[in-house]
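[1] Attaching a predicted model along with its sequence, questions to come.
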Amino acid sequence: MLHIRGELVLAESDKPLLIKRYASRRLYNTETSDYVTLEDIAGFIRSGREVQIVDLKSGDDLTRQYLLQIIAEHESRGENMLPLNVLNDLVRSYTTQAGSVVPQFLAASFDMLRNGQSQMMENISTVNPIGTLPGMEAMQAQQEAFIKAMSGVFAGAVPTTPAAEPEKSETSGEDLNAIKQQLSDLQDKLSKLS
């Protein structure tokens with residue numbers, strides 16, 4: 001981990017962050033040599049980092065158990081991400097033949113969600129003519145933060161950082177009116193496309 005201007009930034013890595021669970025059930029981050037909580041682990045995952053949690057003594061992989069515990073804690077705090085019918089279907093899938101296809105279905109669904117979000121962001125940045133207007137870069141940064149937060153919500157997460165504030169620009173009244181007119185024209189064009 002790196003500290004930049006007082007913020008904690010995770011080092012980008014292809015390999016999962018190794019967390020060891022001691023006999024006392026405390027969780028130890030092997031990269032930073034300190035103890036972490038379930039909320040810390042959820043934060044690592046929200047920031048895009050894969051984690052692997054292993055029992056120090058037996059070497060058993062406990063990752064699935066702890067990820068389910070993180071989801072259960074979010075659900076118990078009222079952060080209901082999983083509708084009751086989905087939870088019922090998951091329970092049913094453990095006792096039916098459908099259980100064999102559910103993991104592949106869920107993985108494919110989340111892959112499609114991530115790909116769709118990436119495609120949308122790519123389209124916004126390359127196709128959108130609004131991108132040339134003043135202040136649009138800040139708006140795009142907010143959209144990206146929102147989409148990242150939403151993808152965290154699909155994993156039972158709550159965003160940990162506020163969206164970037166738009167930059168204040170010194171624009172004369174004429175420029176502002178011209179921008180408003182351009183936005184109005186673009187909205188008209190977009191509504192005709194729909």
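    Arrived safely.
[2] Now Leu68: which helix or strand?
    According to DSSP states H and E, Leu68 maps onto helix 63-76.
[3] how near is Met121 to Leu183?
    20 Å (C-beta to C-beta, to the nearest Å). For glycine as for every other residue, the C-beta is placed from the backbone atoms N, C-alpha and C.
[4] likewise Gln140?
    With C-beta to C-beta as the criterion, Gln140 and Leu183 are 15 Å apart.
[5] higher neighbour count, the two?
    The neighbour comparison of Gln140 against Leu183 (other C-beta atoms under 10 Å) goes to Gln140, with 17 against 12.
[6] And the pLDDT at that one?
    On pLDDT, Gln140 comes in at 70.
[7] sec struct for it, please.
    Three-state call for Gln140 (DSSP: H, G, I helix; E, B strand; the rest coil): helix.
[8] In the protein, where's the longest helix?
    helix 102-126 (DSSP state H).
[9] helices or strands up against that one?
    Judged by 3 or more C-beta pairs under 8 Å, 6 or more residues apart in numbering; DSSP states H and E, the packing partners of helix 102-126 are helix 136-153.
[10] pLDDT below threshold where in this protein?
    The chain contains residues with pLDDT under 70 at 1-13, 97-99, 124-136, 138-139, 142, 145-173, 191, 193-194.
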